[in-house]
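In: one predicted model, sequence on top.
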Amino acid sequence: MHNAPRGEGGILCGMTSKEKTLYHQIHPAKLAADLVAGIGAVVLFAKGHPWPALALAVVVPVAATVAVIRYADLEPLKRSRFGAYVKKFMTTSAQVQRLAGFAILCWAAWKGSYLLGVLGAALIVHAWVAGLLIPKDVR
């Protein structure tokens, strides 16, 4: 915690667990791990290898989460525009929507359904960009 932010009087004031859980989602290493694991899992499901696909879909993102939360300095992400966006719009329901979209995408790959695959991918994209779809005067 040598890079922890300092508050008034130089006292260390690290992020809360809730903040780390929120902001780790937009760390480049976590985004890369999720993207690579997600694509790999979908390909493995499509090729009929469900157990390796499930392992990849779970182990890599969980390992990335643990590493980023434990070792990464998330304070710059918290202060960024992307951090402000995530704080406002990445609600629990948006996170559930992302997970549901990924589950549908994996199921679609397993069953060979392009239509369901598009639906799953659309749910994931919508969860990330829904805040951009709300008119500025309503936000």
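Out: That came in fine, so what should we check first?
In: any idea which helix or strand carries A103?
Out: If you go by DSSP states H and E, A103 is part of helix 92-111.
In: centroid residue for the chain?
Out: Nearest to the geometric centre of the chain sits Q25, at 4.2 Å (CA atoms, centre = their mean).
In: residue ranges with poor pLDDT in the protein?
Out: 1-13, 136-139 (pLDDT under 70).
In: got the buried residues for the top helix by length along it?
Out: The residue-count maximum for a helix in the chain (DSSP state H) belongs to helix 50-71. Within helix 50-71, the residues scored as buried using 16 or more other CB atoms under 10 Å are A53, L56, A57, V60, P61, A64, T65, V68, I69. No exception for glycine: its C-beta is placed from N, CA and C like everyone else's.
In: neighbours around S93, how many?
Out: 10 (other CB atoms under 10 Å).
In: same question but for L133, I mixed them up
Out: Neighbours around L133, by other CB under 10 Å: 8.
In: I124 falls within a helix, correct?
Out: Yes. Judged by DSSP: H, G, I helix; E, B strand; the rest coil, I124 forms part of a helix.
In: ok, now which ones touch it?
Out: Q97, R98, G101, F102, L105 (CB atoms under 8 Å, 6 or more residues apart in numbering).
In: isn't the residue nearest to the centre of the chain up against V86?
Out: Yes. Taking CB atoms under 8 Å as the definition, Q25 is a contact partner of V86 at 6.7 Å.
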